[in-house]
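Asks: Take this sequence and fold it.
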Amino acid sequence: MKVKVLSRNPDNYLRETKRDIHKVPRNYDPTLHPFEAPREYIRALNATKLERVFAKPFIGSLDGHRDGVNCLAKHPHQLSTLVSGSYDGEVKVWDLTRRECISSIQAHDGFVQGLCAVPDGSSFLTCGTDKTVKQWSINEEGRINPEPVVTLLGKTVFQQIDHSLGHNSFATCGEQVDIWEVDRAEPVRSFTWGVDTVHAIKFNPIETHILAGCAVDRSILLYDMRGSAPLRKVILKLKSNALAWNPMEAFIFTVANEDYNLYTFDMRKLSMPLNIHKDHISAVLDVDYSPTGKEFVSGSFDKTLRIFPYDKGHSREVYHTKRMQRVSVVKWSLDNKYLLSGSMEMNIRVWKARASEKLGILKPREKSAFSYSEKLKEKFASHPQVRRIARHRHVPKMIYNGQKELRQIKTSQKRKEANVRAHSRPGTVPFVPEGKTKVIAEKE
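Replies: Model prediction:
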């Protein structure tokens, strides 16, 4: 005799947390839900409001330096290890999880101008105003050997240092750009192009033989280690202070400029920037890309950090505190979750990359709720109410008044140009893209 038995898995009809609550089956036929769009709009509005309520980006600070923080370096393999250098020549290694200093050394007599980690994580390099480059070994616990492994003497003051990710060589800049190898006392190659000082240098993380630098004559220089001369040069209206390569697109880089803006260039066409990123009200001092290449963070003389999408002209986030002075260096952590900033009041601060993100382990239902809210905010992002709440930021009075003044200047310039065009012969005052007005010359 055959007996037919119904068998049901409890997971199919019971909730995962409270096992006495039954799941309710839903029919997703749109004709049965005529108020779906208004309901989702209200949910998107509430999700946007809650995002602003829970936006608390500041995590903590690292105190211990006795002078302004000038440079930071991320450990290539350990997310919790950070190396910092200050204006008094001191280098410290920090444990970010415990927010405390692991070890400290007096590395240079004078400023620590540059700092970078060797790709294998076994050591890091420093350069200073005492015309020396030093290599320091560091163990897995973050302890620094008090004696340098290698000391290289230069003829002039070094301004910055960076290590190639694909080669056993590093570059320094100053009166000229030098390519070094650790086991040689003299530079392997030197580049000059009629420039007094190159004050920033960065290797391309993908095309590891390409590097770019910023010089005091307002130029941006491109070099190839395999060649004997610099590749290209583009001159802007004002000096660029720092440079960062996009880690996902080998030919894209962004420079932080003295004219309050950041410029994203394609190295294949330097006659005009791809994008102009505005919002700062003072000189931009440093820039660093996220590991995904979709965003970058900038630090400015106006005492704020800003996060920009790489393809947008305005920032999506601004961070500031009452005590923070001008931000001299910024870094984006390798896990894409945190930002690090060093400023002139001897402090290193840790921030969340997404201000309202919940830290720690998320349960499956929390993950699905957050992803649902994100999709709703994305769907209704262009709605006036949602957009107004999402864009609004409280900023210090100085920033607010500075932005207002810059807007008035820009409006006045546009009005003047429109008046000149209206009272001139047609075609004599052409429309020129703003990007073309920023580049003075391009040389090869």
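Asks: Mind giving me the packing neighbours of the helix or strand residue 369 falls within?
Replies: Taking DSSP states H and E as the criterion, residue 369 maps to helix 364-379. Under the contact definition 3 or more CB pairs under 8 Å, 6 or more residues apart in numbering; DSSP states H and E, helix 364-379 sits against helix 36-53. Yep, even glycine has a C-beta here, placed from its N, CA and C like the rest.
Asks: Okay, angle between the helix it packs on and helix 364-379 too, please.
Replies: With axes from the mean of the first three to the mean of the last three CA atoms, to 10 degrees defining the directions, helix 36-53 sits at 110 degrees from helix 364-379.
Asks: just checking, what packs against the helix or strand just after helix 36-53?
Replies: Along the chain past helix 36-53, the next helix or strand (assigned with DSSP H and E) turns out to be strand 58-63. Helices and strands touching strand 58-63, by 3+ CB pairs under 8 Å, 6+ apart, are strand 347-352.
Asks: all helices of this protein, in order?
Replies: In order along the chain, the chain carries the following helices (DSSP state H): 36-53, 364-379, 384-391, 397-422, 434-438.
Asks: Give me the average confidence score over the second one.
Replies: Average pLDDT, helix 364-379: 93.
Asks: Show me what that helix is in contact with.
Replies: Here helix 364-379 makes contact (CB atoms under 8 Å, 6 or more residues apart in numbering) with 16-17, 40, 43-44, 47-48, 50-51, 358, 362, 386, 390.
Asks: again with the shortest one
Replies: When contacts are taken as CB under 8 Å, 6+ apart, the neighbours of helix 434-438 outside the stretch itself are 236, 237, 263, 271, 272, 273, 276.
Asks: What's the local residue count around the fourth one?
Replies: When you say that, I think you mean residue 271. Here the count is done by other CB atoms under 10 Å, and residue 271 has 12 residues near it.
Asks: How about the contacts made by it?
Replies: 234, 436, 439, 442.
Asks: Farthest pair within those residues?
Replies: Looking at the contacts of residue 271 by CB to CB, the two members farthest from one another are 234 and 436, with 12.2 Å of separation.
Asks: Can you tell me how far residue 393 is from residue 50?
Replies: Here the criterion is CB to CB, to the nearest Å. By it, residue 393 lies 16 Å from residue 50.
Asks: Please say which of the two ends up with more neighbours.
Replies: The neighbour count for residue 393 versus residue 50, taken as other CB under 10 Å, is higher for residue 393 (16 against 12).
Asks: The more buried one - nearest residue in space that isn't next to it in sequence?
Replies: Sequence neighbours aside, residue 318 is the residue nearest to residue 393 in space, at 5.4 Å (criterion: CB to CB, 6 or more residues apart in numbering).
Asks: From what I see, that neighbour and residue 297 are in contact.
Replies: No. Residue 318 lies out of contact with residue 297 (CB atoms under 8 Å); the separation is 10.8 Å.
Asks: ok, those two, which is more surrounded?
Replies: For residue 318 against residue 297, the residue with the higher neighbour count under other CB under 10 Å is residue 297, and the figures read 26 against 20.
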